[in-house]
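K.L.:
just the structure for this:
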Amino acid sequence: MLSRPAPPDDQNQPSATVIVQGARTPAALDAPTGAGSRLPLTIRETPATLEVLTQDELQRRGLRTAREAFDGVVGAIAGNVPGNPAVVSLRGFAGSAVSILQDGVRVSTSTVVQRDTNLWHYDRIEVLKGPASVLYGEGALAGVINKVTRKPVLGERAADLLISGGSFGTVYGAGGVNLPVSPAIAIRADASYRRSDSLYDVDRNATRSAGLTASALIKPSDRLSLLIAIDHFEDRYDSSYQGLPLISARYALDPSDAVRSASGLVADRSLRRRNYNPRGAWSGADETTIRSRLDWTIGDGWTAALDLTGYTADRAFLLADTQSFAAPGAGFPNGSIRQSYQDFRHDQHFWNTRGQVARDGRIAGMRHRMTLGAEHNGTHFVSLRRQAPLGTLPALDLRDPGVIAAPTSPAVFTSSDVTFDSRLKQTALFAEDAVNLTPRWLLVGGIRWDHIALDRVTIQNRSGAREGHAPRFDPVSWRAGTSWAATPGITLYAQYTTAVSPVSSILLASIANSRFRLTHGRAVEAGFKVSGWGGRATVTGAAYHIVQSDILTRDPTDPSLSVQGGQQSSRGVELSADVTPLPALRLTAGGSYTNARYDRLSELIGGTTVNRSGNRPINVPDTTLFASALYTIAHRVTLGGHLRHAGGFFTDTANSIRVTGHALVDASLSVPVGEHATLTLRGRNLTDRFYGEYSGYPTTNVYIGAPQSFDIALSARL
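P.N.:
Next up is the predicted model:
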């Protein structure tokens with residue numbers, strides 16, 4: 001097993017990877033984190049909930065992709081919706097409410113840029129829970145996930161390797177090397193490749209994913225360092241998969257309890273592997289990032305940093321986005337599936353520059369840490385969006401769908417055939433401040449002003465008609481918090497924070513939606529962080545309340561109109577513990593409870609206004625639980641057991657279709673091979689649970705989780 005100690009303060013110099021036998025000690029709360037603040041605060045000092053998954057932790061749990069990692073976060077679930085791989089639901093909110101960063105930079109809304117990338121390339125994944133617009137701008141209502149790539153280490157020559165293979169024809173290979181060029185220069189490169197007949201054991205759903213990351217660290221003195229890096233990721237899903245269509249119970253051959261609905265729809269196990277998408281439907285992405293970071297220690301506690309980022313991506317989403325079940329009839333004695341079809345493309349170019357100055361010193365004898373900075377970025381986003389109506393594709397037999405070809409003529413796209421040409425400019429000024437009123441009592445505050453300028457042209461591809469719009473937004477976000485070290489091992493904290501978010505993704509919003517003002521979020525959170533027992537135990541807990549106002553609802557005087565006036569909220573508690581009671585035994589557990597609801601929401605259904613107030617939002621479970629035990633026998637063989645549970649969730653705002661909760665059991669056996677390698681056998685979903693993982697585009701499609709599977713992996717450090 002590969003293991004990393006806690007990350008150091010300087011993100012440009014991550015800790016080295018070493019092979020250990022047995023469980024590692026719990027991560028220290030006094031380690032710094034990049035996601036929670038631009039100040040040099042530790043996890044203990046930050047008045048918010050922070051969860052860090054190190055590369056060691058990712059490998060210990062057997063997590064291979066971004067979706068698997070996000071699904072392992074306390075209080076979260078994730079799914080692989082084709083147009084939004086690794087979509088996350090966190091603290092009662094889903095989709096674009098969770099911002100995804102790469103090395104602290106937000107390229108765009110997570111529903112646009114996030115892919116199910118290989119995890120090998122990341123030193124750690126940092127999760128900041130709760131609103132964070134004060135740090136990262138619009139969005140970030142439910143939280144932020146920061147993927148921190150591996151960086152060079154000065155003076156170290158090392159190589160890492162991971163090879164695995166397993167069920168569903170899945171193979172994975174990854175490797176990395178760290179090389180010192182001189183005492184002041186080091187380089188690191190990592191590569192990965194994964195292929196599978198289907199990670200979910202579905203017909204015609206082969207996947208491929210590859211990554212290449214490389215960086216150079218130049219540190220001519222203790223006061224100056226420069227990091228230059230390039231990242232490239234690509235993926236492809238053959239014959240996109242829309243999940244399992246729900247059918248009437250009277251026609252199911254093997255009805256399950258995975259889904260319950262008011263209309264009698266069920267998930268039929270006998271259709272578990274069916275894929276109704278046509279041949280030629282696929283989704284994929286090709287993205288490259290180039291970035292640099294300059295850090296300068298000026299003196300007298302002053303530092304400065306400059307980040308430059310360039311990003312380009314091409315994405316494609318060709319799929320049957322709506323699949324509707326029809327009862328048996330002429331020509332289809334088993335029933336049939338009718339489908340629509342879409343062809344969406346993204347061509348995105350993004351650049352960002354961020355500069356900041358900071359000081360860590362004293363004022364009137366009190367420790368004072370502050371940061372002032374500015375950020376400016378630009379995006380050119382061109383999206384072809386073609387939609388064919390339900391019934392465009394030939395109806396397919398429910399049980400023997402065969403394979404049909406995807407349409408190739410543009411004439412079929414009669415629902416819509418448009419191109420979005422968007423140019424987005426964003427400028428921000430931000431400040432953070434932390435003052436120790438006493439050595440044990442810390443006050444933290446932050447404020448951010450954004451200027452968001454969108455210039456959008458919508459082009460009707462058939463007629464050439466053009467419609468333009470240029471909305472402007474100037475939101476201000478802020479937070480205030482405090483942490484108090486009640487005893488040397490116990491810290492209490494509380495904070496109030498705000499966030500802003502568009503009613504839908506800025507880059508993909510319709511002309512009508514882009515005319516609405518930003519929604520506003522606010523949250524209050526309180527919790528504790530405890531460490532003790534000689535460094536062998538860490539326990540954290542939090543309670544929170546988040547409210548999002550101004551979401552879209554129906555005008556009570558004219559139901560045909562959408563207006564802002566709706567509200568959504570969530571209340572919840574979270575608890576995590578990491579304990580090493582014996583040198584050979586490590587226990588980890590985390591749980592959450594979320595009470596999420598629409599406080600005010602009306603929808604127009606068939607010309608009638610329907611009140612959804614009090615209902616639970618889509619893809620939000622009420623409970624999640626993770627528990628893990630790792631035991632090492634005779635300092636050599638390590639046995640692992642892992643339990644993951646998610647409560648039930650709804651696929652629709654009417655709460656008429658409920659996906660029931662599930663519990664999954666995984667196990668692992670790790671054996672050292674020589675002095676430098678470890679062989680691990682892993683079993684996943686050992687009880688072969690048939691369960692719904694996430695809901696799809698139509699409310700009547702549910703993504704079924706992977707069945708029982710096994711894999712074997714060899715990891716080494718040379």
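K.L.:
the stretch 451-600 of the chain: strands as residue ranges?
P.N.:
466-469, 472-473, 476-487, 490-501, 519-532, 537-554, 562-582, 585-600 (DSSP state E, counting those that start in this stretch).
K.L.:
ok, residues contacting the second one?
P.N.:
What that stands for is strand 472-473. Residues outside strand 472-473 that contact it (Cβ atoms under 8 Å, 6 or more residues apart in numbering): 138, 450-454, 500, 517-518. (Glycine included, C-beta is placed from N, CA and C.)
K.L.:
now the helices for the protein?
P.N.:
For the chain, the helices defined by DSSP state H occupy 55-61, 66-71, 110-113, 133-136.
K.L.:
got the ones you listed as TSV, with distance to residue 699, mean pLDDT and mean neighbour count columns?
P.N.:
Formatted as TSV, the helices of the chain follow (distance: least, Cβ to Cβ, whole Å; pLDDT from 0 to 100; neighbours: other Cβ atoms under 10 Å):
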stretch	distance to residue 699	mean pLDDT	mean neighbour count
helix 55-61	31	92	22
helix 66-71	21	94	24
helix 110-113	18	87	22
helix 133-136	30	91	25
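K.L.:
ok, now which ones touch residue 46?
P.N.:
By Cβ under 8 Å, 6+ apart, the contact list for residue 46 reads 33, 36-37, 444, 483, 493.
K.L.:
swap in residue 533?
P.N.:
By Cβ under 8 Å, 6+ apart, the contact set of residue 533 is residue 579.
K.L.:
got it, and residue 687?
P.N.:
Contacts here follow Cβ under 8 Å, 6+ apart; on that basis residue 687 touches 664-665, 708.
K.L.:
dump the residues you listed to a markdown table, plus pLDDT.
P.N.:
Shown next, in a markdown table, are the contacts of residue 687 (pLDDT from 0 to 100):
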| residue | pLDDT |
| --- | --- |
| 664 | 97 |
| 665 | 97 |
| 708 | 97 |
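K.L.:
which of the contacts of strand 472-473 has the most neighbours?
P.N.:
Highest neighbour count within the contacts of strand 472-473, by other Cβ atoms under 10 Å: residue 500, with 26 neighbours.
K.L.:
flag every buried residue along stretch 569-582.
P.N.:
Judged by neighbour count using 16 or more other Cβ atoms under 10 Å, the buried positions of stretch 569-582 are 569-572, 574-580.
K.L.:
oops, could you answer that again for stretch 668-675 instead?
P.N.:
668, 670, 672.
K.L.:
what of stretch 290-309?
P.N.:
291-296, 303, 305, 307-309.
K.L.:
could I get those residues as JSON lines with distance to residue 71 and pLDDT?
P.N.:
Shown next, in JSON lines, are those (distance: Cβ to Cβ, whole Å; pLDDT from 0 to 100):
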{"residue": "291", "distance to residue 71": "28", "pLDDT": "97"}
{"residue": "292", "distance to residue 71": "33", "pLDDT": "97"}
{"residue": "293", "distance to residue 71": "30", "pLDDT": "97"}
{"residue": "294", "distance to residue 71": "36", "pLDDT": "98"}
{"residue": "295", "distance to residue 71": "34", "pLDDT": "97"}
{"residue": "296", "distance to residue 71": "39", "pLDDT": "97"}
{"residue": "303", "distance to residue 71": "37", "pLDDT": "97"}
{"residue": "305", "distance to residue 71": "33", "pLDDT": "97"}
{"residue": "307", "distance to residue 71": "30", "pLDDT": "97"}
{"residue": "308", "distance to residue 71": "33", "pLDDT": "98"}
{"residue": "309", "distance to residue 71": "27", "pLDDT": "97"}
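K.L.:
mind listing which of those residues are in strands?
P.N.:
Mapping those onto strands (DSSP state E) picks out 291-296, 303, 305, 307-309.
K.L.:
closest one of the residues you listed to residue 118?
P.N.:
Nearest to residue 118 among those, counting by Cβ to Cβ, is residue 291 at 19.0 Å.
K.L.:
OK, contacts around that closest one?
P.N.:
Residue 291 neighbours (Cβ under 8 Å, 6+ apart): 103, 105, 228-231, 307-310.
K.L.:
could you do residue 267 as well?
P.N.:
244, 246, 255-256, 258-259, 690, 692, 702, 704.
K.L.:
cool, and residue 145?
P.N.:
So residue 145 contacts 35, 70, 73, 88, 98-101, 125-127 (Cβ under 8 Å, 6+ apart).
K.L.:
that one bridge partners, please.
P.N.:
residue 100, residue 127 (DSSP bridges).
K.L.:
without its sequence neighbours, what residue ends up closest to residue 523?
P.N.:
Using Cβ to Cβ, 6 or more residues apart in numbering and skipping residues adjacent in sequence, the residue nearest residue 523 is residue 546, 4.3 Å away.
K.L.:
ah, wrong one, I meant residue 448
P.N.:
residue 430 (4.2 Å).
K.L.:
got it, and residue 252?
P.N.:
Using Cβ to Cβ, 6+ apart, the closest residue to residue 252 is residue 268 (4.0 Å).
K.L.:
and stretch 355-367, what's buried?
P.N.:
By neighbour count on 16+ other Cβ under 10 Å, the buried set for stretch 355-367 is 356, 358, 360.
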